[in-house]
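> when you get a sec, could you give me coordinates for this:
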Amino acid sequence: MLNFALSIVSLIAWASVTADAAAEDGLPLSGTISVSIDDDPAYAALDVNESGWNSAGFPGVWPVPKERGGFQALWGRFRFEVPSDFSIEDAGISLGVVYRNDELYLNGEKIGSTGEIGWGKTLLDPTPRVYPIPEGLLVPGEENVLALRVQRSVGEAIEVVGPITIGPYESLRETTQHEERFYRVVRGIDLGISAVFVLAALILWLLVKQRDVLALLVSEILLFCSPLNLTIANFFDGKGESLLLLNRILGVTAGVLSTVALLVYVVLLFRQRMPKWSWLLVVPCVAVLTIRWIFPESIVGPSTALGVGLTIASRSSSMMVLIMMTAVVLIAVYRRKPGAIPVATGLATVIWLAAQYPLDTPWLSPDGLWRWLFPLSMMWVFRFSMLLGAVSSYHSAQRSVNQLSQRVLAAQEEERQRLSRELHDGVAQSLQASRLEAQRLCGKAVSDAPELAESARSLAEGLGQATDELRDVSHDLQPTFLFDRTLGESIRWYADQLSHRVGLTTEVAAPDDADVPDAMKSHLYRIVQEALTNAFRHGKAEQAWVTLQPVPAGWGLRIEDNGSGFNGAGDPSSESGAAAGHGLSNIRDRAALLGGMSRIRRREPNGVVVEVDLPSTI
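Below is the predicted model:
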């Protein structure tokens, strides 16, 4: 990030040096320019009454008129003289960087323009402007009038960065090409960063499939439409009827709807209940868009009463949506909800940008190239903060789920230990006592009642078998030997028990000279238990393979069997499938608690493969 910032600063410095070099190639112009308070095509003529006009430095920032509207173009008239001996073939004039669209007139004749000025037209990026001067139009030794018409939007100040130079057209053009490349690079960076945000939101949604992330993805796509629209418009110089339609779709419509999508995102992210009537504040945004799509400019244009009313309604609705977003985020910050701080930081940048619209004050923006770059960087901060808020909330939710799973598994282990103790100390002891009593009865009755002695002997054998099975179950519930052996030895013991009890032949490959940390042993042992239990109980497997081995990143565990696989054990619609699914869920939970990853898939031609990758320590 630091390298990226240094690259931008270097590009700005390079562009400034290039602009200074351009001023040395010709006759520089500077002074005071008269700025109109309205827009009238007659201001291009030579003789114009400029009384009541404002004044500003040329080059420099033009003053903001008191009457403001959604669309506005202002005129600046600059009077200058060139020396009587001034003569340049194929002369041109460089205005330096001009913000947004412009038209330039010299002595009443139009000599060039960039973009199209008009309501609904795409506002182009600031770029250096160089126009050729027709032969004989510039009069040496006499007063010449330069009339510059520039379009502005509410919240922006018109600025002619300069330097302003008259010189050889080709030389000026060649010099400013480097500056043009700079602006194209920055616009490309903005488009690329916007695409990265869309891709990141898409990946996050594919991972979590939550409604709040879906709303964020929609808003990111809509926000991406703005730099895409400007990139296309700048490529075609903002001219053409097709670009007008594209601007209305990508620029205006997507811009308004993205605000609504962001409101939905923060409401869903922080699970804030909103009064139903509050959503009516969004209606004017959509209504204004619909009306402006349906009716022509003659009815809804900025100079009509309906157009003024629509502009006021649109701005009021947008501000109310922003206020609602602010209220939701502030409540989330007060309640210390996950992701609230990043979202609040991003929202603060948007409030800073939005403050320009009702206040319409140029001092909110820095001068020069930063007037354009600073809002771009603020939008990057805003979008990154929104994405970071979603990621923070997701991670917090995952931590809560992991903590809950850990408590559940810990409760399971405690319950296993309790049952193991009760079976061993209570039921097993009772069975053992009954077995001894049956053996004593058999010894007494062997001479007097042979039939009773045989029954007592059978009873003693049955009680002995039940005691042994109960002790096996007790050991399964709480393997007390687990920490006295390596995990590989414990798994081999369990595999031998399964072979005798259910006939499942299990091959175990595990190192005897290395062992996993004690904190992992019980969880890995339970994972092997769950996998092998599913194999013989639900998959009807006859053979299984367990491999435990150290890997560069930690430990790798692999359990596979030749059972029926997911056809029998993995179908959640069946009773056995539901039970197997619970066991598989326990495997995933235990692997996640250890900071590892688990993969459960079908084995070809039949069976199931369980793979667990674990770190070396937890």
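
> quick one, helices of the stretch 201-350 of the chain?
Taking DSSP state H, counting those that start in this stretch as the criterion, the stretch 201-350 of the chain contains helices spanning 211-235, 241-246, 254-269, 283-294, 297-300, 305-334, 340-354.

> low pLDDT regions in the stretch 451-600 of the chain?
For the stretch 451-600 of the chain, the stretches with pLDDT under 70 are 472, 474-482, 566-582.

> mind running it again at 90?
451-505, 510-542, 549-556, 562-599 (pLDDT under 90).

> tell me where it has helices.
Under DSSP H, counting those that start in this stretch, the stretch 451-600 of the chain gives helices at 487-501, 518-537, 575-593.

> give the burial count for residue 108, as a bare number.
Number of residues near residue 108 (other CB atoms under 10 Å) recorded here: 13. Where you see a C-beta, it was placed from the backbone N, CA and C, and this is true even at glycine.

> and what of residue 419?
When neighbours are defined as other CB under 10 Å, residue 419 has 15 of them.

> 469 is where my numbering starts, stick with that
Sure, I'll start counting at 469 from here, so that last one is residue 887.

> how near is it to residue 875?
18 Å (CB to CB, to the nearest Å).

> before we move on, the earlier item: between the helices of the stretch 919-1068 of the chain, which one is nearest to residue 499?
helix 1043-1061 (70.9 Å; CB to CB).

> name the surrounding residues that touch stretch 728-748.
678-680, 683-684, 686-687, 690, 750, 753-754, 789, 792-793, 796-797, 799-800, 805, 807-808, 811, 854, 857-858, 861 (CB atoms under 8 Å, 6 or more residues apart in numbering).

> dump the C-alpha coordinates for it into PDB.
Extracted in PDB, the C-alpha atoms of stretch 728-748 (Å, rounded to 0.1, in the frame of the first residue of the first chain):
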ATOM      1  CA  VAL A 728     -30.200   2.100  -1.400                       C
ATOM      2  CA  ALA A 729     -28.300  -1.200  -1.600                       C
ATOM      3  CA  LEU A 730     -25.700   0.000   1.000                       C
ATOM      4  CA  LEU A 731     -28.600   0.900   3.400                       C
ATOM      5  CA  VAL A 732     -29.900  -2.600   3.000                       C
ATOM      6  CA  TYR A 733     -26.400  -3.900   3.600                       C
ATOM      7  CA  VAL A 734     -25.800  -2.100   6.900                       C
ATOM      8  CA  VAL A 735     -29.300  -3.000   8.200                       C
ATOM      9  CA  LEU A 736     -28.800  -6.700   7.500                       C
ATOM     10  CA  LEU A 737     -25.100  -6.700   8.700                       C
ATOM     11  CA  PHE A 738     -26.000  -5.300  12.100                       C
ATOM     12  CA  ARG A 739     -29.400  -6.900  12.200                       C
ATOM     13  CA  GLN A 740     -31.000  -3.600  13.100                       C
ATOM     14  CA  ARG A 741     -34.800  -3.600  13.100                       C
ATOM     15  CA  MET A 742     -36.100  -0.600  11.200                       C
ATOM     16  CA  PRO A 743     -39.700   0.800  11.300                       C
ATOM     17  CA  LYS A 744     -41.500  -0.100   8.100                       C
ATOM     18  CA  TRP A 745     -42.400   3.500   7.500                       C
ATOM     19  CA  SER A 746     -38.700   4.500   7.300                       C
ATOM     20  CA  TRP A 747     -38.300   2.500   4.000                       C
ATOM     21  CA  LEU A 748     -40.700   5.000   2.500                       C
END
